[in-house]
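# Sequence first, then the predicted structure, then my questions.
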Amino acid sequence: MLFLFPGSGPGGLTHHFALRLPSYGRSRFRPCALGRRVLTRSIQFAAVAAIGFLIATACAVLVLGLARPPASAFMLERSLAGLFNGKGIADIQYRWVEWESISRYMALAVVAAEDQKFPDHWGFDFESISLALQERKTKGRLRGASTISQQVAKNLFLWNGRSYLRKGLEAYFTVLIELMWSKRRILEVYLNIAEFGDGIYGVGAAAKNFFRKQPSRLSRRESAMLAAVLPNPKKFKVSSPSKYVQWRTRRIEKQMRNLGLSYLERIVR
């Protein structure tokens, strides 16, 4: 913008001085328009990515509810860890066993040991979670409160460790599993991907390694012993059970008798 100011010079001549001010036209606001376009594109990209994630994960859960999982995320993590450590691919023993070929004692043992409310809840035991949080406040430690459904979600789809992100994804996959799978399917997958020993995944590999028999022939005591090591199969050993594992085995056996094999009818129906 140009302003002219009169002035007097030598000889009475009049001069005009020009003062040029910066222009505040449309060009000044182009960066703001560009920022809005970038923000809009970012929101659109995030929305498409979120929808894609929902579709992909829902399809994965749906497929694995019908087909045998070739491996779990925990198994893959163990294999990759061996490669990165320079030790080569870790030895993993895993053999899928159909529900009909698993001892009913084994199915009952993991429910008795890990999640007695399994037939009734929708993936989460809020009472146990509340008690665990209270114990953390009073004793400074957090005991496990995960249901079988949560453990399937974690072992099958996620990584080992603790973080808010992983807990959030665990809850998300738990909801999908409960919506898409039957209780029998959830328990069948859990029995096949749970770690019963160092690198020994599933009841098929566990029955063969520890008892030299088919999983359909596991007794009540053997099933209870396998369930007893589930909290920490690297620390607790089936082959050389500590006094704690022996005590836990007897406790699980007692719970199994209290529940009875008829308890499984609520899961199979």
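Great, that's in hand. Numbering: from 1, shown residues only.
# Packing partners of the longest helix anywhere in the chain?
With residue count as the measure and DSSP state H as the assignment, the chain has helix 30-64 as its longest helix. Other elements packing on helix 30-64 under the criterion 3 or more CB pairs under 8 Å, 6 or more residues apart in numbering; DSSP states H and E are helix 148-157, helix 164-180. Backbone N, C-alpha and C define where each C-beta goes, glycine included.
# between those, which one is nearest to Leu259?
When the helices and strands packed on helix 30-64 are compared by CB to CB, helix 148-157 sits nearest Leu259, at 14.4 Å.
# deepest of the helices and strands packed on helix 30-64, which one?
When neighbours are counted by mean count of other CB atoms under 10 Å, the highest per-stretch mean among those falls to helix 148-157, a mean of 24.
# Quick check: phi and psi on Tyr201?
Its backbone dihedrals place Tyr201 at phi -110, psi 130, with angles given as degrees, to the nearest 10.
# For it, give the beta-bridge partners.
When assigned by DSSP bridges, Tyr201 has beta-bridge partners Tyr94, Glu195.
# Please enumerate the helices of the protein.
Counting by DSSP H, one finds helices in the chain at the ranges 30-64, 73-84, 104-114, 126-139, 148-157, 164-180, 183-193, 202-211, 220-228, 243-259, 265-268.
# and Arg95, which of these is closest to it?
When the helices of the chain are compared by CB to CB, helix 202-211 sits nearest Arg95, at 3.9 Å.
# What angle do helix 73-84 and that closest one make with each other?
Inter-element angle recorded for helix 202-211 and helix 73-84: 70 degrees (by axes from the mean of the first three to the mean of the last three CA atoms, to 10 degrees).
# ok and helix 202-211 relative to helix 183-193, angle-wise?
Here helix 202-211 points in a direction 40 degrees away from that of helix 183-193 (the same axes, to 10 degrees).
# low pLDDT regions in the protein?
Applying pLDDT under 70 to the chain flags residues 1-31, 82, 84-89, 132, 135-144, 269.
# follow-up on the earlier one: reformat the helices of the chain as TSV; add distance to Gln93.
Conversion of the helices of the chain to TSV gives the following (distance: least, CB to CB, whole Å):
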stretch	distance to Gln93
helix 30-64	20
helix 73-84	10
helix 104-114	17
helix 126-139	31
helix 148-157	15
helix 164-180	25
helix 183-193	12
helix 202-211	4
helix 220-228	14
helix 243-259	20
helix 265-268	26
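# still on that earlier bit, between the helices and strands packed on helix 30-64, which gets nearest to Val268?
helix 148-157 (14.7 Å).
# I would like the residues contacting that closest one, please.
Residues from elsewhere that reach helix 148-157 (CB atoms under 8 Å, 6 or more residues apart in numbering): 57, 60, 64, 69, 72-74, 110-111, 114-115, 118, 121, 123-124, 146, 166, 169-171, 173-174, 176-178, 186-187, 189-190, 193-195.
# Drop anything exposed from those.
64, 69, 72-74, 110-111, 114-115, 118, 121, 123-124, 146, 169-170, 173-174, 176-178, 186-187, 189-190, 193-195 (16 or more other CB atoms under 10 Å).
# Could you pull up the contacting residues of the closest residue to Tyr172 other than its chain neighbours?
Taking CB to CB, 6 or more residues apart in numbering as the measure, Tyr172 lies nearest to Thr57, with 7.6 Å between them; neighbours along the chain are not counted. Contact criterion CB under 8 Å, 6+ apart gives 157, 172-173, 176 as the residues in contact with Thr57.
# sorry, back to before: can you check which of the helices of the chain gets nearest to Ala90?
Shortest distance between Ala90 and these, using CB to CB, is found for helix 73-84: 3.7 Å.
# Distance from that closest one to the middle of the chain?
Helix 73-84 sits 16 Å away from the centroid of its parent chain (CA atoms, centre = their mean, to the nearest Å).
# Taking helix 148-157 as reference, get the angle to it.
Using the same axes, to 10 degrees, the inter-axis angle of helix 73-84 relative to helix 148-157 is 30 degrees.
# Can you give me the buried ones in helix 73-84?
Neighbour-count burial for helix 73-84 flags 73-75, 78-79, 82 (criterion: 16+ other CB under 10 Å).
# Give me the neighbour count for the nearest residue to Asp198 once chain neighbours are set aside.
With CB to CB, 6+ apart as the measure, Lys234 is the residue that lies nearest to Asp198, at 5.4 Å, once sequence neighbours are left out. If you count neighbours by other CB atoms under 10 Å, Lys234 ends up with 10.
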